[in-house]
Structures are given as C-alpha cells and as structure tokens.
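>>> Dropping a prediction and its sequence here:
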Amino acid sequence: MTSIFVKSEFAPLQRVVLAQSEFAFPAVSNRIDEEFLTEESIALYKTVDVEGKNYKEVFPDRQKAWEEERANLKKILEKHGVEVLLPRMLTDYEKEIGYEDGYSNFFIRDPFFTVGNMLIEGSLRFPHRRNEVLPARNILVEEANQNSCLYIAIPKPDISLGSDSEQGPFLEGGDVLVLDQTIYVGNSGLASNSNGVQWLSNLTSNFGYQVIEVPLHHTILHLDCALSIVREGLIIICEEAFLNGIPEQFKNWDQIHVTLEQASRLATNGLPINDHVYITDYEFDFIGAELEKRGIKVEYIDFQISRSFGGSFRCSTQPLLRNEK
C-alpha cells in the first residue's frame, strides 16, 4: 500500500506533516495582511515596534506558548497512532531574503496539499508566503521518491502586471477539501482564485475528479475557515460565508452551525483524526458538545496563539495518508 493517498477529510489519518512555528513581520508596516486577523491580534501588533522583526524576538512568551500548542497537537496525533513529520526550520538566507515582505513557516496546509495519490505544490497569494513550501520540499521529494504517487507543482504566479497582480494562478491548500472524487475549492479573493481552480480542474479531471469552486465571503481566508467535513453526513458550517448558499451535496446533511464571527476565530478549523475522533479548541466547546451528542470523541487543545495568526488545527497539518486501513 502506498503511503501517499488522501481519500477524504475524515478518512483515518495515518501520516501527516505538522507545521513549525516561525514568523517575521514585514519591514514595511503597510504590508501586514490584516483582512483575516482578529481585532486582538491587530491591536497587539500596534503596541510595539514589530517592523522587520521575528515574532520570537518581539513576543518571546507568546512564541513559547505557540510552540507548546504545536507540541500538544503532536502528542494527541501520536496518541491516536498518527505518524508525524516536521518540515525543517528556515535558513538564515531564507530569512534574509524575506526581510522586506516578512517570512513564515507556520501553516503547512497551504503550500502543498494531497488529493488521492497526488502531492501538489500550491501557489500562495501573499508575498511573505511565496517560499513557504521550501522547508517541506525535502519531505515532498523523499515521499515522491519512495511512493507510487504524482508530485506536481502549479505554475509560478504571473507578475507581468506587477507584484500585486491578480492573475495568479493562486491555489492554497486551506481552500481545498476532498470528498472522495469531489474536490471543493474556496475563493474569497484573499487566497485561491478562479485561475487556480481551473488549473486544478484541468489536472484532476484526468483522474476522475470533479472540482467545484465555492465563492466565499470576503472576510473568509480559506474554505476550511467556513466548513469542516466531520464524517459522511455531518458538517460544521458557517452558512453566512457561502455567497451562493451551502454546496448542493451538503444541503441534506446534519449541520452544526457557527456564525461569521465564530468562523473568523477559526471555529470550523478543527481536525478529524477519523470519522469518530475530532480535535478542536476549548473556546469551541459548544461545537464539541454537539459532536459528542453525535457519538464523536472530542480532543481539546488550547490553540489561542496559533489562531491569532489566522489558522488553527487543519491549517497546522497536511495529511500524506488518509485512507481506509
């Protein structure tokens, strides 16, 4: 059996890449992306001089707490028999060339993603994230060399009209949700775009997949910030976030609803380990209570610092193997 295959968002998680905790602010203040940050985070960043500085340098206590959050997630995953791989840390050179825009090595969900037996490098919209795949590149190369899989990269973004060109193609893993032969891809204008969706459709249609583009509210960064597919027939969803309504396939499913404000705090960004175990934050114990009513075991982890960057449990992980054992 290959060690690279993702069948769905809730198929048993067996192998996963877990994010590191590295981030630096851009040297130019107006390049901080605030669209999807909480008011608390924005206010915090304005209390001190952060321009061009590493998060660890400015907020050492929060950095320590952030690393502990990821360590606690690793423990929970391993407790459930999941093999955890870690990207390398950024090199001094990578930090140097990322000084102006800022750099990050903090949410592994977006730089690459797995669909079936395809490892796909994405294309990130924000300049400070354009090289975020590099710390995981050695993992991708080694996995591709050792397994029967396809290792593919989307074209580099077109900047012929300037560095802020919307041409793309942009395609980020947080927007990509897999459900058997259907792939849902979010598009809020903040991350993936229609050119990226079309590229993925062109690729995966060769292997029997259908790609469905999902227009999202302009404050929602990724599709997984508005929808979590917990198991067959059950979703956690922010209905307000879907400009064209809930996708047809989910309309008759059991639904746990969250508000747009709760979604902005990453309420839907929990992580199914399988169809009967789910990881979420203590802040969302109301979701946990609803899941437990439906027979699902809930694992709680305080993920406040991770969430302050605009991502949570799903954003912090990228599965390599999610398949029936």
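Sure, I can see it.
>>> can you give me the strands in the stretch 1-150 of the chain?
With DSSP state E, counting those that start in this stretch as the criterion, the stretch 1-150 of the chain has strands at 5-6, 13-18, 22-24, 83-85, 103-105, 112-115, 118-121, 150-153.
>>> So what does the closest residue to residue 254 other than its chain neighbours have for phi and psi?
Excluding the flanking residues, the one nearest residue 254 by C-beta to C-beta, 6 or more residues apart in numbering is residue 234, at 4.7 Å. All C-beta spots, glycine's among them, are computed from the backbone N, C-alpha and C. Dihedral pair for residue 234: phi -140, psi 130, per degrees, to the nearest 10.
>>> And the pLDDT at residue 234?
Residue 234 is assigned 98 on the pLDDT scale.
>>> Kindly report the same for residue 2.
As predicted, residue 2 sits at a pLDDT of 80.
>>> now swap in residue 165 and tell me
The model's pLDDT for residue 165 equals 86.
>>> Quick one: distance of stretch 203-212 to the chain centre.
21 Å (C-alpha atoms, centre = their mean, to the nearest Å).
>>> what's the span of that stretch from first residue to last?
13 Å (C-alpha to C-alpha, to the nearest Å).
>>> And the contacts of it?
115-116, 118, 120, 152, 181-185, 197, 200-201, 247 (C-beta atoms under 8 Å, 6 or more residues apart in numbering).
>>> Buried residues in it, which are they?
The neighbour-count check on stretch 203-212 (16 or more other C-beta atoms under 10 Å) flags 203, 204, 209, 211 as buried.
>>> So for it, mean pLDDT?
98.
>>> Let me know the pLDDT of residue 38.
Reported pLDDT for residue 38: 68.
>>> got it, and residue 162?
Predicted confidence (pLDDT) for residue 162: 85.
>>> ok, it - how many residues close by?
8 (other C-beta atoms under 10 Å).
>>> re earlier: enumerate every residue touching the residue nearest to residue 254.
253, 254, 255, 256, 294 are the contacts of residue 234 under C-beta under 8 Å, 6+ apart.
>>> where does this structure have low pLDDT?
1, 29-38 (pLDDT under 70).
>>> in it, which spans are helices?
Remark: helices assigned in the chain by DSSP state H are 39-45, 55-58, 60-79, 92-97, 134-146, 194-204, 260-264, 285-293, 304-308.
>>> Give me whichever of the ones you listed is most buried.
helix 304-308 (a mean of 21; mean count of other C-beta atoms under 10 Å).
>>> So which other helices or strands are in contact with that helix?
The contact analysis (3 or more C-beta pairs under 8 Å, 6 or more residues apart in numbering; DSSP states H and E) places helix 304-308 against helix 39-45, helix 60-79.
>>> Could you dump these into a markdown table with distance to residue 94 added?
Below are the helices and strands packed on helix 304-308 laid out as a markdown table (distance: least, C-beta to C-beta, whole Å):
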| stretch | distance to residue 94 |
| --- | --- |
| helix 39-45 | 22 |
| helix 60-79 | 18 |
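>>> and residue 261, which of those is closest to it?
helix 39-45 (10.5 Å; C-beta to C-beta).
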